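Chemist: Below are the sequence and a predicted model; questions follow.
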Amino acid sequence: MTFSQLMLPEPLLRAVTELGYETPSPIQAAAIPKLLAGEDLLGQAQTGTGKTAAFALPLLARLDPSQNEPQILVLAPTRELAIQVAEAFQAYARFMPAFHVLPLYGGQSYTNQLKSLKRGSQVIVGTPGRILDHLDRGTLKLDKLRAIVLDEADEMLRMGFIDDVQTIMDATPAGRQVAMFSATMPSQIRAIAQKHLKNAHEIKIESKTSTVERISQRYVMLDSNQKLDALTRVLEGEEYDASIIFVRTKSATEEIAEKLGARGYAVACLNGDMNQANREQTIRRLKASQIDVIVATDVAARGLDVERISLVINYDIPYDSEAYVHRIGRTGRAGREGKAILFVSPRERRLLRTIEVATRQPIEKMSLPTGEVIEQRRIETFRATLANTIEAKNLSFFQDLINDWREKLETTDADLAAALLFMAQKDQPLNVAKQFPEIREPHARGDRPDRPAERSGERPARFERGDRPERSGDRPERAPRPRREMQGNYNTYRIEVGKEHGVRAGDIVGAIANEANIDSQFIGNIKLFDHFSTVELPADIPTEIFQHLKKVYVRKQKLNISVDTGSAAGERTERPAGERRPSSAPAGAGSRPGAAPKRRTRE
Ligand code: AMP
């Protein structure tokens, strides 16, 4: 299957080619024809499967470029996702003249948003709260809307946005197309789909269970911008004979091969643009140890059978478990041992879990080799080469020179050896421990712990990140969910919206998460009283964010957030209702004075 077979218009095909996409991902192959035909769609897909292009490309194809009013609206749970999706639209529409996309999310100034809205955009990507705000103010008009996309619908549900989403859906014209994507399908999401989607096609990329043996599998959690650095460390720190690195696009194969080449690796790329002769030549050189590292796309590496490959690096996460199994199967050939390493960004966590479940094997978390480890390996490699040279070469000519220089330079053997070593290691310096600073695991927004499977209707995994039982020995059928303590200091804050205004804990989480850009995992217990509520938040919220939160409205009430001084003790005697987060830590947790609240767990 190719993109041109999908009948996308020429400007979009050109953009996709220029981005280096070779073939549509499984979700794209399934979703694009349906959406192009104007049908509604319910897609079960996680981040990393290529779902953004799966809806963006066909909806862009149906856009009327002469109209400058919102025709496509995408609702996303977080500002990061909204920005990412808006950027994806911009990239795919780069050859569509007069195209405009506008991200709208909480925490951004209204003045700028209003200016951009006045200028006009065909595509709006926003978080539900802010979109609803603009609808209420009359600054966003949806009467020309042709399609609405709910991206990460289960995440919007979890963050308490689902009523807002319903209200927005109700404000869209009757005949619009609806596409809904969700990693899981809890009943509330199904209910929305039933209410708003017409004869919707449901697409689920099945993860076939397959087993992989003899291959040790590990993953590293990192941000995309840390990948190249991480790659070079893995290549230095791991033992391997030959390695294959998997990326998504042909442009990435070239770019990474070039960068590794510049760092001295014997490397070549393998992608769909190469003709058969080139491809065969590359494989011959790999077999003959003229190259040790191959950077490839899935399609180009299909069926590759080279015994030397002992390390597979998934630089970009594969679209599904099947692709993963194909990839790692490039190692462990002919009964040998093999290793596979997967780079995962926080947003792709779910996909990692799906792969683990489908392959019925845990993928162990690994840490990247430190500067000390790399330094040690370089020293050992050098020493081994030195030992070989002493053993295998006739050095008498050089020994004579040394004897001569020792006298002429009036120095010692140790000094001579040290100076020669210094000169010999210049291309691959040995004293490098400090040049490799620690790569920290990202804790950005979006780095959310997995929620337990039960409520989200997903099959429970047998192990949980962070609390994984040992590989061998007695593994409980279901490991307990990690209940980590929230770190750092927390304060209890009072906000001026309560039960009498109809507020629910989810509304508060959603508003604070988006307006203050605080990951919902850092939002502690919420207690709802009649006239106000309390919420636990990190004590070090910057002043400007605090000031901004004062002005945020929830259920038409200004939050006017303040540190809770206990002045509400009187009202506290009244039993708070719905006192915890929609899903939360055990009752009472976190309310002990001075104690850090429990880290919230997911529903
Ligand atoms: P998503 O699952 O939508 O977050 O996409 C994940 C990543 O895959 C993004 O970086 C996309 O640019 C990339 N991507 C999506 N579709 C393709 C494709 N058909 N070929 C190569 N890369 C793709």
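Modeler: Yes, it's here. Numbers count the residues shown, from 1 in each chain.

Chemist: Quick check: chain neighbours aside, which residue is closest to Thr23?
Modeler: Using CB to CB, 6 or more residues apart in numbering and skipping residues adjacent in sequence, the residue nearest Thr23 is Val299, 5.7 Å away. (Glycine included, C-beta is placed from N, CA and C.)

Chemist: host element of that neighbour?
Modeler: Take DSSP states H and E as the rule and Val299 turns out to sit in helix 298-301.

Chemist: Tell me the helices and strands packed up against whichever helix or strand comes after that helix.
Modeler: As assigned by DSSP H and E, the chain's next helix or strand after helix 298-301 is strand 309-314. For strand 309-314, the contact count by 3 or more CB pairs under 8 Å, 6 or more residues apart in numbering; DSSP states H and E identifies helix 227-237, strand 242-246, helix 321-328, strand 338-344 as packing neighbours.

Chemist: Restrict strand 309-314 to CA atoms and write it as CSV.
Modeler: Only the C-alpha atoms of strand 309-314 are listed here, as CSV (Å, rounded to 0.1, in the frame of the first residue of the first chain):
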residue,chain,number,x,y,z
ILE,A,309,23.2,-8.4,13.6
SER,A,310,23.2,-8.7,17.3
LEU,A,311,21.6,-5.4,18.3
VAL,A,312,18.3,-3.8,17.0
ILE,A,313,17.6,-0.2,18.0
ASN,A,314,14.1,1.1,17.6
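
Chemist: Parallel or antiparallel, list what pairs with it.
Modeler: strand 242-246 (parallel), strand 338-344 (parallel) (DSSP bridges).

Chemist: related to what we said a few turns ago, dump the helices and strands packed on strand 309-314 to TSV, plus mean neighbour count and mean pLDDT.
Modeler: Below are those laid out as TSV (neighbours: other CB atoms under 10 Å; pLDDT from 0 to 100):
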stretch	mean neighbour count	mean pLDDT
helix 227-237	19	95
strand 242-246	25	98
helix 321-328	21	93
strand 338-344	23	96
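
Chemist: Serialize those to a markdown table and add fields for distance to the ligand.
Modeler: Below are the helices and strands packed on strand 309-314 laid out as a markdown table (distance: least, CB to the nearest ligand atom, whole Å):
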| stretch | distance to the ligand |
| --- | --- |
| helix 227-237 | 12 |
| strand 242-246 | 11 |
| helix 321-328 | 11 |
| strand 338-344 | 12 |
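
Chemist: ok, Ala252 touching Leu19?
Modeler: No - counting by CB atoms under 8 Å, Ala252 stays clear of Leu19, with 9.9 Å between them.

Chemist: More neighbours: which of those two?
Modeler: Ala252 (21 against 17; other CB atoms under 10 Å).

Chemist: so who does the more buried one touch?
Modeler: 20, 295, 315-316 (CB atoms under 8 Å, 6 or more residues apart in numbering).

Chemist: Can you give me the neighbour number for whatever residue of the stretch 351-500 of the chain ends up closest to the ligand?
Modeler: Among the residues of the stretch 351-500 of the chain, Leu351 lies closest to the ligand, at 8.3 Å counting by CB to the nearest ligand atom. Residues within reach of Leu351, counting by other CB under 10 Å, total 25.

Chemist: wait, what's in contact with it?
Modeler: 46-49, 317, 320, 344.

Chemist: ok, and the closest non-adjacent residue to it?
Modeler: That would be Gly48: by CB to CB, 6+ apart, it lies 4.2 Å from Leu351.

Chemist: contacting residues around that neighbour?
Modeler: 317, 319, 345, 347-348, 350-351.

Chemist: List the ones among the residues you listed that fall in helices.
Modeler: Counting by DSSP state H, the contacts of Gly48 place 350-351 in helices.

Chemist: so which of the contacts of Gly48 comes closest to Asp136?
Modeler: Of all those, Arg347 has the smallest distance to Asp136: 30.1 Å, by CB to CB.

Chemist: Am I right that the closest one is in contact with Thr47?
Modeler: Yes - between Arg347 and Thr47 there is a contact under CB under 8 Å: 4.5 Å.

Chemist: can you give me the helices for the stretch 351-500 of the chain?
Modeler: With helices called from DSSP state H, counting those that start in this stretch, the stretch 351-500 of the chain shows them at 371-392, 396-408, 413-424, 453-456.

Chemist: Between Ala252 and Leu19, which contacts overlap?
Modeler: Common neighbours of Ala252 and Leu19 (CB under 8 Å, 6+ apart) do not exist.

Chemist: Next, Gly175: secondary structure please.
Modeler: Following DSSP: H, G, I helix; E, B strand; the rest coil, we place Gly175 in the coil state.

Chemist: cool, and Leu59?
Modeler: helix.

Chemist: That one touches Leu35, doesn't it?
Modeler: Yes - using CB under 8 Å, Leu59 is in contact with Leu35, at 6.3 Å.

Chemist: just the residues of the chain that are near the ligand, which are they?
Modeler: Residues of the chain lying close to the ligand by CB under 6 Å from any ligand atom are 21, 24-25, 28, 47-53, 248-249.

Chemist: which of those tops the neighbour count?
Modeler: Lys51 leads those on contacts (other CB under 10 Å) with 28 neighbours.

Chemist: ok, that residue touching Pro26?
Modeler: No - checked against CB under 8 Å, the pair Lys51 and Pro26 is beyond contact range at 10.5 Å.

Chemist: from the stretch 51-200 of the chain, which residue is nearest to the ligand?
Modeler: As assessed by CB to the nearest ligand atom, the ligand sits closest to Thr52 within the stretch 51-200 of the chain, at 3.2 Å.

Chemist: residues touching that residue, list them.
Modeler: 84-85, 88, 151.

Chemist: Out of these, the closest to Asp415 would be?
Modeler: Gln84 (57.2 Å).

Chemist: my read is that closest one is in a helix, agree?
Modeler: Yes - Gln84: assigned to a helix according to three-state DSSP.

Chemist: The residue nearest to Lys34 when sequence neighbours are not counted: how many residues sit nearby?
Modeler: Spatial nearest neighbour of Lys34, chain neighbours left out: His201 (4.8 Å); criterion: CB to CB, 6+ apart. By other CB under 10 Å, the residues close to His201 number 17.

Chemist: Which secondary structure state is assigned to the residue nearest to Leu351?
Modeler: Classified using three-state DSSP, Gly48 is coil.

Chemist: Tell me where the stretch 351-500 of the chain is predicted with low confidence.
Modeler: Where the stretch 351-500 of the chain drops to pLDDT under 70, the residues are 443-488.

Chemist: Dead centre of this structure: give me the residue that sits there.
Modeler: The centroid of the chain falls nearest to Arg347 when counting by CA atoms, centre = their mean (2.9 Å).

Chemist: which ones are touching the nearest residue to Gly120 once chain neighbours are set aside?
Modeler: Nearest residue to Gly120, sequence neighbours excluded (CB to CB, 6+ apart): Asn68, at 3.7 Å. By CB under 8 Å, 6+ apart, the contact set of Asn68 is 98, 100, 120-122.

Chemist: Pull out the buried members of the residues you listed.
Modeler: By neighbour count, with 16 or more other CB atoms under 10 Å, the contacts of Asn68 hold 100, 121-122 as buried.

Chemist: Dump those residues into CSV; add secondary structure as well.
Modeler: Compiled in CSV, the buried ones among the contacts of Asn68 are given as follows (three-state DSSP):
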residue, secondary structure
His100, coil
Ser121, coil
Gln122, coil
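
Chemist: Skipping adjacent residues, who's closest to the residue in the stretch 201-350 of the chain positioned nearest to the ligand in space?
Modeler: Ranked by CB to the nearest ligand atom, the top residue of the stretch 201-350 of the chain for proximity to the ligand is Arg248, at 3.6 Å. Distances taken as CB to CB, 6+ apart put Asp316 closest to Arg248, at 4.3 Å, once the chain neighbours are dropped.
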